[in-house]
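# sharing a model that was predicted from the sequence below.
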Amino acid sequence: MRFKPRILQGKLGIRQLYSEISREYDFSEKLFITRLMELSEEPVITGFLENFKAKYSLDAGAGTGRYLKKLREISDLTIALDISDKMIYIAKNKYAKISEKIEYVVADMEYLPFRKLAFDMILSTLTINHLEEVDTFLKEAWRTLKVKGVLIFSTLNKIVLEAYSKKYGIPKDMVLFQTEHITPTYVYEKGSLFNEIVCKLRIVGFKILKSKAVGYWMILGLLPKSLEILSKILMRMRRRNELVKHLDRFFSLLVPSKYAFIHVFKVFKWK
């Protein structure tokens, strides 16, 4: 008998879901789309962090700490912040042997519990689309960044997300999560248009240093069953990092950037 996925509403639902999947988050084979998103994004984020030095940095929506090792290398102190205490617990245990220069905070990234001008750099990856008001986080990032401080973040494409929702019958402004031990679950996630984000950044007071579109491979999922099959094959290959990079590069030559699934921004607070 097939059961309908449960729906977890709002911010509390997001916190509940990530707490439930925290132990499986890094390893679940059912999160293969998440892994592919990470593989597409990571070379860009790493490149944007290259040669950067910070006294204080913040990883907003740190999850299980995917970028903490890198941030620790470039910062005197990094704060890892997440709304889920269980995700923070996993990150803290993962980096227990290199815990100096990292502190952990459970908090809402729309209401950062830090003073003005606290950070030289803020990183937030694959997270802001879980927020109902992206502007609120951008304003908080602006408030807590020093003048000329840098914000690096990634956002999901509204066009692609809505196409998936229509094809697979997913409720509006929601995405589906499932692991080996967690039932299929819908939680809030809403994509953004590139020009929408650019406009919001300018209104808040950020200037764009760099932006990069990645994740063109997601358009394969709009063809019958192809993304699921290809994704599972890719995730079992030894050199999957390189394969995803080459696949992305190939599709970027054929597809306009507005159809890339992920846009990564590097911006700075100019006043």
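Sure, I can see it.
# quick one, strands of the stretch 1-150 of the chain?
6-7, 54-60, 75-82, 102-106, 119-124, 145-156 (DSSP state E, counting those that start in this stretch).
# ok now stretch 129-136, how far from the chain's centre?
13 Å (Cα atoms, centre = their mean, to the nearest Å).
# just the buried residues of that stretch, please?
Judged by neighbour count using 16 or more other Cβ atoms under 10 Å, the buried positions of stretch 129-136 are 129-131, 134. C-beta coordinates here come from the backbone N, C-alpha and C atoms, glycine included.
# one more: stretch 245-265?
So, applying 16+ other Cβ under 10 Å, buried residues of stretch 245-265: 245, 247-248, 251-252, 259-265.
# got a list of what G10 touches?
By Cβ atoms under 8 Å, 6 or more residues apart in numbering, the contact list for G10 reads 132, 188.
# please disregard the earlier target; I meant V160.
191, 218-219, 259-261.
# closest to N195 out of the strands of the stretch 1-150 of the chain?
strand 145-156 (11.9 Å; Cβ to Cβ).
# helix or strand right after that closest one?
Moving toward the C-terminus from strand 145-156, the next helix or strand (DSSP states H and E) is helix 158-168.
# buried stuff in that following helix?
158, 160-161, 163-165.
# just for the protein, where's the confidence low?
1-3, 220-228, 230-232, 234-235 (pLDDT under 70).
# can you put the buried residues of helix 158-168 in CSV and add distance to K86?
What follows is the buried residues of helix 158-168, written out as CSV (distance: Cβ to Cβ, whole Å):
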residue, distance to K86
K158, 29
V160, 29
L161, 26
A163, 32
Y164, 27
S165, 28
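# packing partners for the longest helix anywhere in the chain?
Counting residues, the longest helix found in the chain (DSSP state H) is helix 32-49. In terms of contacts (3 or more Cβ pairs under 8 Å, 6 or more residues apart in numbering; DSSP states H and E), helix 32-49 is packed against helix 68-74, strand 145-156, strand 206-214, helix 226-235, helix 240-252, strand 262-269.
# that one: how far from the chain's middle?
With Cα atoms, centre = their mean, you get 9 Å for helix 32-49.
# what do you get for stretch 144-153?
Here the centre of stretch 144-153 is set off from its chain's centre by 17 Å, with Cα atoms, centre = their mean.
# inside helices: which ones of the buried residues of stretch 129-136?
Secondary structure assignment by DSSP H places V134 of these in helices.
# out of the buried residues of stretch 129-136, the closest to I90 would be?
H130 (17.8 Å).
# which ones are touching S154?
Here S154 is in contact with 41, 44-45, 124-126, 128, 262-265 (Cβ under 8 Å, 6+ apart).
# I meant F137, not that one.
F137 neighbours (Cβ under 8 Å, 6+ apart): 60, 109-110, 124, 128, 131.
# and it, how far from A213?
21 Å (Cβ to Cβ, to the nearest Å).
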